[in-house]
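Engineer: When you get a sec, could you give me coordinates for this:
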Amino acid sequence: MKIVVVGTGYVGLVTGTCFAEVGIDVICVDIDHTKIENLNKGIIPIFEPGLETLVTKNVSKGRLQFSTSLAESIKGADVAFIAVGTPPGEDGSADLKYVIGVAQEIGQHMNSYGVIVTKSTVPVGTAEKVQLAIQQELEKRQLDITFDVASNPEFLKEGAAIDDFLKPDRIVVGVSSLKAEEVMRKLYKPFLLNGHPIIFMDVPSAEMTKYAANSMLATKISFMNDIANLCEIVGADVNMVRKGIGSDARIGNKFIYPGIGYGGSCFPKDVKALIKTAASNGYQMQILEAVEAVNEKQKSVLFEKLMNRFQGNIAGKTFAIWGLSFKPNTDDMREAPSLVIIDKILNAGGKVKAYDPIAMPETRHSIGDIIEYSKTEYEALENSDALLIVTEWADFRSPNFEKIKIALINPIVFDGRNIYDTKELNELGFEHYGIGTK
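Structural biologist: Here you go, the predicted model:
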């Protein structure tokens, strides 16, 4: 089979590389000439564990190619994935201009039957718009080429995307014809040999599945953050509560860790888009509106603890931040809680010294040099008034506490991810402020 993946961002590059890994010929297409030139040189535009190795391997074997020409690449393709961005508009709805633009270009150049697959996260009804855009372009060319449009949402976790793709929990595919189902089943056959399930459904249901999945996970996070905040007020310990409810198989122990809010490219965008989809159809997603409100408030919780401890005045004080990316094992800074915390500290007259194992270049690209970037986590502590744990990188889980205590002006830790035990740190002479803990 020959497949084309349009878009070499996070989803597109992982998708194309993993299909190549199982022996399929793949062309990844992007309009960004610099990105394509770099990819052809083996320079990867994102950080994702294991991705660089797989890209290099499959390029060397000739199974993975990169191009800026969709016009040439689409010819003879059995499947074309649309994996371009769907950024939120000002009203929160998903902006489909890039998706529709790709669909139009496919219609302008395709020369044989193929299945056009939306891999981007798109609202219900997008497949119909893609179908219409392609059909209109074919009519302009006076061609009667048959094609199908399918939906194949991704469920990749940043930091574990390769395993998620090669060993999926499930593969969801929305189709509208038996022929499209046969093509997609053949495409995913290498992944089904080990028993990974493929679930076929109608296209609107597949489009909704992605939003529903992310919104459910976001709901669990906001719910636990709400519970954590109440635990502090009533004197309970959210870590104990978490263990108590996580042992219930109906609830499970995943996504019930309290913290300082979710971020990234998916949860914030998808929650907003689903709320907007509902509103445009005359329905109010009351739970998701609350989820979003709780999450926005939660990003300020660590700063509020900081201000309370320093009696509302941090002017002239310096704070060390460990972790900048929205989660570990990625350099993604989109909607990262660290950006909210940094902004609030600076606006209150404080200074920030930060360290992150991967995300400092991306942070500098995002906010410039308004903070000081440190070479190591311990360097960030020097002459700092307190330490804030913002991202739970493995590097930070078992640090040298004596070294931390010596470096800090005050032995104070604001733990936004509850990676340390309050009692243990108190015994070591620290003040420890977690989320929902005693």
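
Engineer: Break down the stretch 201-350 of the chain into its strands, ranges please.
Structural biologist: Assigned by DSSP state E, counting those that start in this stretch, the strands in the stretch 201-350 of the chain fall at 318-322.

Engineer: for it, which spans come out with low pLDDT?
Structural biologist: The stretch 201-350 of the chain contains no residues with pLDDT under 70.

Engineer: Now the helix ranked longest in the chain: buried residues?
Structural biologist: Secondary structure of the chain read by DSSP state H shows that its longest helix is helix 203-234. Buried residues in helix 203-234, counting neighbours by 16 or more other CB atoms under 10 Å, are found at 203-204, 206-211, 213-215, 217-229, 231-232. All C-beta atoms are positioned from the backbone trio N, CA, C, and that covers glycine.

Engineer: which ones are touching residue 31?
Structural biologist: residue 68 (CB atoms under 8 Å, 6 or more residues apart in numbering).

Engineer: I misspoke; the intended subject was residue 394.
Structural biologist: By CB under 8 Å, 6+ apart, residue 394 lies in contact with residue 328.

Engineer: and it, how far is that from residue 178?
Structural biologist: 47 Å (CB to CB, to the nearest Å).

Engineer: measure residue 262 to residue 73 for me?
Structural biologist: Counting by CB to CB, the separation of residue 262 from residue 73 is 36 Å.

Engineer: more neighbours, those two?
Structural biologist: Higher neighbour count among residue 262 and residue 73: residue 262, with 26 against 23, using other CB atoms under 10 Å.

Engineer: So residue 21 is in contact with residue 166, correct?
Structural biologist: Yes. Residue 21 is within contact range of residue 166, at 6.9 Å (criterion: CB atoms under 8 Å).

Engineer: Give me the contacts around stretch 241-252.
Structural biologist: 224, 227, 231, 253, 256, 257, 258, 436.

Engineer: Tell me where the stretch 1-150 of the chain has helices.
Structural biologist: Secondary structure of the stretch 1-150 of the chain (DSSP state H, counting those that start in this stretch): helices at 10-21, 33-40, 51-60, 70-73, 97-109, 126-140.

Engineer: now for the fourth one, which elements pack on it?
Structural biologist: To tie it back to what came earlier, the one meant is helix 70-73. strand 2-6, strand 25-29, helix 97-109 (3 or more CB pairs under 8 Å, 6 or more residues apart in numbering; DSSP states H and E).

Engineer: tell me which residues in it are buried?
Structural biologist: 70, 73.

Engineer: Over to the last one?
Structural biologist: Of the residues in helix 126-140, 126, 127, 129, 130, 131, 133, 134, 137, 138 count as buried by neighbour count, 16+ other CB under 10 Å.

Engineer: Ok, stretch 168-183 next?
Structural biologist: So stretch 168-183, judged by 16+ other CB under 10 Å, has buried residues 168, 171, 172, 173, 174, 175, 176, 180, 181, 183.

Engineer: Endpoints of it, how far apart?
Structural biologist: In stretch 168-183, first residue to last residue: 19 Å (CA to CA, to the nearest Å).

Engineer: ok, residues contacting that stretch?
Structural biologist: The contact list for stretch 168-183 (CB under 8 Å, 6+ apart) reads 78-79, 115, 127, 148-153, 155, 184, 188, 191-192, 196-207, 209-210.

Engineer: Any of the residues you listed buried? List them.
Structural biologist: By 16+ other CB under 10 Å, these give 78-79, 115, 127, 148-153, 155, 184, 188, 191, 198, 200, 203-204, 206-207, 209-210 as buried.

Engineer: pretty sure residue 148 is touching residue 116, no?
Structural biologist: Yes. Here residue 148 reaches residue 116: they are 7.2 Å apart, a contact under CB under 8 Å.

Engineer: So this structure: which segments form each domain?
Structural biologist: 2-201, 211-297, 299-433 (automatic domain parsing).

Engineer: Name the residues of stretch 91-108 that are buried.
Structural biologist: 92, 93, 94, 96, 98, 99, 100, 102, 103, 105, 106, 107.
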